[in-house]
Structure formats: C-alpha cells, structure tokens
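**Student:** Can you look at this prediction? I've put the sequence above it.
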Amino acid sequence: FTRSFEKELHSKINSIDLASESQTISVLSRIRFFFLDFNSSMPLDIMIRGEIGCALIMLGTELQKYSRWADSLDYFTDAFNIFHTIKYDYKHPDVIRVLKHIDSCAMKNVVLVSEESPNKLLLRNQNVRDKTRFSTELSSHPGYAI
C-alpha cells in the first residue's frame with residue numbers, strides 16, 4: 001500500500017512537491033500508529049506481531065527516502081521492541097535486520113581525508129539538477145547518508 005501510494009503521488013507530478021512529500025510522511029505516521037495500536041489492543045499470534053514488526057521496518061525505510069533519519073529510528077525501535085516482546089533472540093533474521101537499520105541511523109564521525117583516500121565519502125547523485133534539494137545518500141558507503 002505504501003509504495004503504491006508513493007508511486008501514485010510521484011507519477012502525477014514531475015518535480016518533487018513538498019505538499020505530497022508531507023502527505024506521504026503523514027500517511028506513514030498514521031500507518032505506524034495504526035499498527036502500534038493494533039499490536040497493543042488485543043492478544044495477537046506471534047506470527048502476526050512479527051509481521052507488524054517487519055511492516056514497521058518497511059515504513060521506517062520508506063521514511064528514510066525523505067531524509068527523516070531520526071524519525072525512522074523511532075519506527076525501527078518500535079519494531080525491535082515488538083521482536084523483543086515476542087522473544088526473538090539476537091540471531092533471528094528480523095532482529096538482525098532491524099539492528100542494521102538502527103545502526104544506519106546512528107551518527108558517525110566524519111574526518112577530513114585526502115582526495116585519493118579509499119575512506120572518502122561520495123554522494124550517490126553527484127549530478128544534481130535541482131540545487132535546492134539533493135540526496136545525501138552515499139555511494140561510497142551503501143546504506144548511509146550525511
């Protein structure tokens with residue numbers, strides 16, 4: 001549902017529209033609260049709770065597309081808490097995945113290095129048409145952004 005909503009919004013407009021970005025973020029937030037309320041409203045099967053946790057990971061990942069890293073951390077933390085309550089251990093694939101997403105939200109120290117250094121940061125989209133908005137995702141360090 002979330003991806004089709006996003007595609008529909010972006011197919012109707014050529015440039016990034018701040019109004020539709022804000023609408024998408026609002027929809028993601030409402031879906032999150034629906035899942036959290038549903039999870040706490042009644043006793044649910046472990047499998048269903050696990051699916052809710054996975055859905056929260058997906059929603060957090062979608063939120064990162066709008067550079068909302070701090071907000072996405074809340075989604076990932078909610079997913080981790082659900083996995084913890086249903087007794088998934090740290091070796092469970094869903095726990096490993098959510099911990100990687102949580103790590104992607106952590107602030108890392110950036111150090112000035114020479115241009116030839118293998119540790120230099122490279123932005124994913126170097127050729128930017130719109131100078132007011134650009135991606136801060138790194139091609140040099142997949143899964144991370146500035």
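**Tutor:** Happy to help now that I have it.
**Student:** From one end of stretch 60-69 to the other, what's the distance?
**Tutor:** Criterion C-alpha to C-alpha, to the nearest Å; first-to-last residue distance in stretch 60-69 is 8 Å.
**Student:** now the helices for this structure?
**Tutor:** Along the chain, the stretches classed as helices by DSSP state H are 2-11, 18-41, 46-64, 69-85, 93-104.
**Student:** Which one of these lies nearest to residue 115?
**Tutor:** Proximity to residue 115 (C-beta to C-beta) singles out helix 93-104 among these, at 25.9 Å. C-beta coordinates here come from the backbone N, C-alpha and C atoms, glycine included.
**Student:** Pull out the buried residues from that closest one.
**Tutor:** By neighbour count with 16 or more other C-beta atoms under 10 Å, helix 93-104 contains the buried residues 94, 95, 97, 98, 101, 102, 104.
**Student:** cool, and stretch 40-53?
**Tutor:** Buried residues in stretch 40-53 (16+ other C-beta under 10 Å): 44, 49, 50, 52, 53.
**Student:** would TSV of those with pLDDT be doable?
**Tutor:** As requested, those are exported to TSV (pLDDT from 0 to 100):
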residue	pLDDT
44	93
49	96
50	96
52	96
53	97
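**Student:** where does the most centrally placed residue in the chain land on pLDDT?
**Tutor:** What sits nearest the mean C-alpha location of the chain, by C-alpha atoms, centre = their mean, is residue 61, with 2.3 Å. pLDDT recorded at residue 61 is 93.
**Student:** you'd agree it is up against residue 71?
**Tutor:** No: using C-beta atoms under 8 Å, residue 61 is not in contact with residue 71; the gap is 11.9 Å.
**Student:** For residue 22, see how far away residue 56 is.
**Tutor:** The gap separating residue 56 from residue 22 is 21 Å, by C-beta to C-beta, to the nearest Å.
**Student:** before we move on, the earlier item: out of the helices of the chain, name the one with the poorest average pLDDT.
**Tutor:** Lowest mean pLDDT of these: helix 2-11, a mean of 47.
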